[in-house]
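1. how would this look folded up:
(one chain, ligands or ions: 1)
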Amino acid sequence: MADFPLIFERSVPNRRGCVPPVCDVPTKDVASLIGADNLRTEPAELPEVSELDVVRHFTNLSQRTYGIDNGFYPLGSCTMKYNPRVNEAAAANPAFASAHPFQPPKTVQGSLRVIHDLQTWMAEITGFDVATMQPPAGASGELLCLLMIRAYHLSRNDAQRTVILVPDSAHGTNPASAARAGCTVQSVKTNERGSTDLQDLKSHLGPHVAAMMLTNPNTIGLFEENILEICDLIHQAGAQVFCDGANMNALVGIARPGDMGFDCMHLNLHKTFSTPHGGGGPGCGCVAVKSHLEPFLPSPVIQKTGGEYVLDEDRPRSVGRVHTWYGNFLMNVRAWAYVRAYGAEGLSSIAKYAVLNANYVQARIRHEFPPAYDRVCMHECVLTASNQKKLGVRAFDISKRLIDYGFHPPTNYFPLIVPEALMIEPTESESKQTLDAFCDAMLKIAEEARTSPELLHSAPHNAPVGRLDEAWAAKNLDVRWKPSSKPQTVKA
Ligand SMILES: Cc1ncc(COP(=O)(O)O)c(C=O)c1O
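-> Down below sits the predicted model:
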């Protein structure tokens with residue numbers, strides 16, 4: 001790959017992309033408006049480039065990202081499914097995109113209907129009584145549920161319940177949300193089948209427990225076998241059960257967490273309902289609850305009365321907002337288009353294909369990468385590279401080598417309880433041909449681990465950047481150009 005210069009290095013004094021016409025309206029003295037002290041004494045150091053320079057620069061950069069539109073992206077737990085373009089067309093409709101949150105409800109009945117429809121459908125799909133679309137991400141939905149559970153216990157004068165139980169396989173956002181809600185976390189063990197260890201769970205239950213956070217299917221991609229008994233045990237102990245719904249892609253249209261005994265759950269619209277993933281948002285972490293938690297929902301709740309959509313803001317027991325206005329509304333439009341495009345039957349086929357695809361991958365490569373727990377998996381499989389580790393090759397090396405074969409790596413080293421974890425989530429979007437190409441690459445890499453491990457240790461070989469010190473890159477990220485910087489180039 002050729003190197004290409006930073007945009008600052010393309011800069012030539014006085015080169016311009018466009019020259020605005022001379023101003024033909026009276027101007028004010030800027031110093032009098034903002035104060036002379038605030039005026040620049042030297043011009044800003046901006047690159048001086050032509051329009052073509054700018055277009056080439058950003059086009060080159062855009063071609064160096066890897067997304068679901070480039071190729072297979074089996075990042076487990078993240079559900080990187082295809083985002084149908086029709087959703088984008090709907091979200092770009094100016095009737096939605098140009099609506100302003102200050103508009104009186106009467107003038108945005110269509111937008112409010114979209115939110116109301118989704119609230120209703122999400123509650124129906126998950127088996128709860130009511131839903132809110134306000135949280136902007138999954139983790140925000142988790143936090144909202146825990147705040148509502150705390151408010152529920154407080155409303156019953158049960159203030160001592162401040163402990164949240166979290167499985168040792170849980171996603172990191174679970175304990176983080178519990179801490180953010182002012183609670184303390186206790187970890188519950190996973191048993192030898194990859195499910196919650198009932199004995200360990202029982203040993204934690206007591207009058208201090210506010211709730212358990214449980215992902216189903218869990219983060220090992222396995223259905224929680226004793227879910228009915230678990231919910232019963234927790235309720236008998238006076239606590240609530242929250243469902244982390246990040247894995248709803250395995251259940252949608254087939255089974256409902258509300259019917260399993262959960263009290264509330266979050267959904268990531270960007271996982272199950274195909275809205276795009278953003279780096280930290282803007283997304284939608286819809287929350288659905290049973291009726292006993294309804295009074296604590298954030299306002300406004302969109303209601304339909306007498307054929308009109310209205311905002312119910314009179315919610316004295318609400319825990320308060322988790323986002324301004326109605327959350328990230330255009331995500332709702334995309335999810336609405338997705339649900340309408342598939343319908344009830346189509347949604348259940350999503351779960352069936354997602355589960356089939358994950359089991360296909362697991363079956364094809366398990367002789368080299370055995371499953372962490374030997375069970376039929378749900379929408380993702382968690383395999384281990386422990387065979388390769390004996391040869392001095394780590395899961396990380398395998399993932400880096402996959403980049404050379406043109407695939408995005410799977411999730412590594414999560415869940416934490418699986419040594420050398422490779423968590424593969426193909427999603428329902430992928431064809432058998434793509435799955436086979438991925439499995440062939442994985443099997444080739446297993447062979448390379450035996451015959452030429454150095455190829456894996458030094459991978460990736462063709463990517464714009466090789467191996468970074470990831471801890472250093474995260475903690476000491478330096479992406480600012482300074483005039484004194486030595487000329488740098490980036491590979492194209
Ligand atoms: C199991 C699980 N729970 C919670 C989350 C948090 O969701 P979000 O990234 O939308 O905050 C994720 C995200 O990947 C997840 O995989």
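2. In this structure, which residue is most central in space?
-> Residue closest to the average C-alpha location in the chain (C-alpha atoms, centre = their mean): residue 78, at 5.5 Å.
3. Please give me every residue in contact with it.
-> Going by C-beta atoms under 8 Å, 6 or more residues apart in numbering, residue 78 touches 271, 277, 411, 425. All C-beta spots, glycine's among them, are computed from the backbone N, C-alpha and C.
4. What subset of those residues is buried?
-> Buried members of the contacts of residue 78, counted by 16 or more other C-beta atoms under 10 Å: 271, 277, 411, 425.
5. Might one say that residue 362 is in contact with residue 381?
-> Yes. Between residue 362 and residue 381 there is a contact at 3.9 Å, judged by C-beta atoms under 8 Å.
6. re earlier: let's see which of the buried ones among the contacts of residue 78 end up in helices.
-> Here DSSP state H is the test, and the buried ones among the contacts of residue 78 give residue 271 as lying in helices.
7. Narrow the buried ones among the contacts of residue 78 to those in strands?
-> Among the buried ones among the contacts of residue 78, the ones falling in strands (DSSP state E) are residue 411.
8. So which of the buried ones among the contacts of residue 78 sits lowest on pLDDT?
-> Model confidence across these bottoms out at residue 277, which has 88.
9. Strands of the stretch 101-250 of the chain, start to end?
-> Under the criterion DSSP state E, counting those that start in this stretch, the stretch 101-250 of the chain contains strands at 130-132, 163-167, 184-188, 209-215, 240-244.
10. would you turn the ones you listed into CSV with mean neighbour count and mean pLDDT?
-> Shown next, in CSV, are the strands of the stretch 101-250 of the chain (neighbours: other C-beta atoms under 10 Å; pLDDT from 0 to 100):
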stretch, mean neighbour count, mean pLDDT
strand 130-132, 24, 98
strand 163-167, 25, 98
strand 184-188, 16, 98
strand 209-215, 25, 98
strand 240-244, 29, 99
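11. Could you point out which residue ranges in the protein have low pLDDT?
-> Residue ranges of the chain with pLDDT under 70: 1-2, 279-281, 483-492.
12. most residues in a single helix of it, which one?
-> helix 329-365.
13. The stretch 201-350 of the chain against the ligand: which residues are in contact?
-> Contact residues, the stretch 201-350 of the chain versus the ligand (C-beta under 6 Å from any ligand atom): 215, 219, 244, 246, 268, 283, 285.
14. Can you give the distance from stretch 455-467 to the centre of its chain?
-> Chain-centre distance of stretch 455-467: 27 Å, with C-alpha atoms, centre = their mean, to the nearest Å.
15. ok, the closest residue to the ligand within the stretch 101-250 of the chain - contacts?
-> Closest residue of the stretch 101-250 of the chain to the ligand, C-beta to the nearest ligand atom: residue 138 (2.4 Å). Shown in contact with residue 138 (C-beta under 8 Å, 6+ apart): 173, 244, 245, 246, 266, 267, 268, 271, 283, 285.
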